[in-house]
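# Everything below, folded, please.
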Amino acid sequence: MFFPFYFDPTYILVIIALAISGLASSYVQNTYRRYSEVHSKLGYNASEITRYILDYANLGDVEIERVQGNLTDHYDPKNNILRLSDSTIDSTSVAAIGVAAHEAGHALQDRDDYVYLRLRSGIVPIVNIGQTAALPILILGLFIGAGAGQTLINLGLILFSLTFIFQLITLPVEFNASNRALSILESEQILVGEELEGANKVLRAAAMTYVAAAIGSFLNVLRLFILFGGGNRRR
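I've put the predicted structure just below:
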């Protein structure tokens, strides 16, 4: 049989990465949707519980603001603001409370100078530069040829790898924030029994998206190294 186009077997790595990402995204959406229908018996919404957690942790100076969108919740360490999305801030569901408490966990990390949070914040500028420069440097190396060209290609591959390193550092940051949140929710009996279990499942599902991102980043970098690393340049 005649194949008019060359099939690159390394595309299998791309397909695997996309499949893992899709499965993780579907899992977190289904888990969040399920526990969005389970509401806290105390009746407090995510904003109120987040305020309680912050005050409990002596973080009364951290403000809570609304941010547009769905699950766009995040903690802004530069401005000392915790932003809760439209879908989270007024909700009394254990899913929303879990997400909001997780962001409060990041505020606690900031208070404690959590090493991985500081490390992640510190390498962001380097990663951004790497993402911008990696592809042009790699392409330039392909055009120049052997010797200096391969050196540029190797530099481009290293810059591409910075994203994977960032994803790896992100994993302990996210898991630790969830653990801090769940610990306070349990110790203060904000959520109990099935409520706490539901929040735990939502946060673990969300954490899987970061794991999937790290795996996907690794597979993409691996593909580039197979194609271009060590002089293995496709002609």
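
# can you pull the contacts of Leu71?
32, 85, 87-88, 99 (C-beta atoms under 8 Å, 6 or more residues apart in numbering). Yep, even glycine has a C-beta here, placed from its N, CA and C like the rest.

# Pull the most distant pair out of these.
Farthest pair in those (C-beta to C-beta) is Tyr32 and Ser85. Separation: 12.0 Å.

# Please, where are all the strands along this structure?
For the chain, the strands defined by DSSP state E occupy 63-67, 74-76, 81-85.

# which one of those strands is the most hemmed in?
Mean neighbours per residue, mean count of other C-beta atoms under 10 Å, is largest over these for strand 81-85, with a mean of 21.

# quick one: that one to strand 63-67, angle?
If you take axes from the mean of the first three to the mean of the last three C-alpha atoms, to 10 degrees, strand 81-85 sits at 30 degrees to strand 63-67.

# and which of the contacts of Leu71 is nearest to Thr209?
Of the contacts of Leu71, the one sitting nearest to Thr209 (C-beta to C-beta) turns out to be Tyr32, at 11.0 Å.

# tell me, how many neighbours does that closest one end up with?
Number of residues near Tyr32 (other C-beta atoms under 10 Å) recorded here: 21.

# how much space between it and Asn200?
13 Å (C-beta to C-beta, to the nearest Å).

# Ok, Ser93 next?
14 Å.

# And those two? Which one has more around it.
More crowded of Ser93 and Asn200, by other C-beta under 10 Å: Ser93, with 23 against 20.

# just checking, that one touches Arg34?
No. The pair Ser93 / Arg34 is not scored as a contact, 10.0 Å apart, by C-beta atoms under 8 Å.

# any common contacting residues for the two?
With C-beta under 8 Å, 6+ apart, Ser93 and Arg34 have no common neighbours.

# Please work out the average pLDDT along the longest helix seen in the chain.
For the chain, the helix that runs over the most residues, judged by DSSP state H, is helix 148-187. Averaged across helix 148-187, the pLDDT comes to 93.

# Okay, buried residues for it please.
149-150, 152-157, 159-167, 169-170, 173-178, 180-182, 184-185 (16 or more other C-beta atoms under 10 Å).

# Just give me how far that helix sits from the chain centre.
The chain centre lies 8 Å from the centre of helix 148-187; the measure is C-alpha atoms, centre = their mean, to the nearest Å.

# for that helix, packing partners?
helix 46-56, helix 94-111, helix 115-144, helix 194-228 (3 or more C-beta pairs under 8 Å, 6 or more residues apart in numbering; DSSP states H and E).

# switch to 7 Å and redo it
helix 94-111, helix 115-144, helix 194-228 (3 or more C-beta pairs under 7 Å, 6 or more residues apart in numbering; DSSP states H and E).

# how much does the second one deviate in direction from helix 94-111?
What separates the directions of helix 115-144 and helix 94-111 is an angle of 90 degrees, with the same axes, to 10 degrees.

# what angle separates helix 115-144 from helix 194-228?
Using the same axes, to 10 degrees: helix 115-144 against helix 194-228 is 30 degrees.

# Where does pLDDT dip in the protein?
The model of the chain has pLDDT under 70 over residues 1-7, 230-235.
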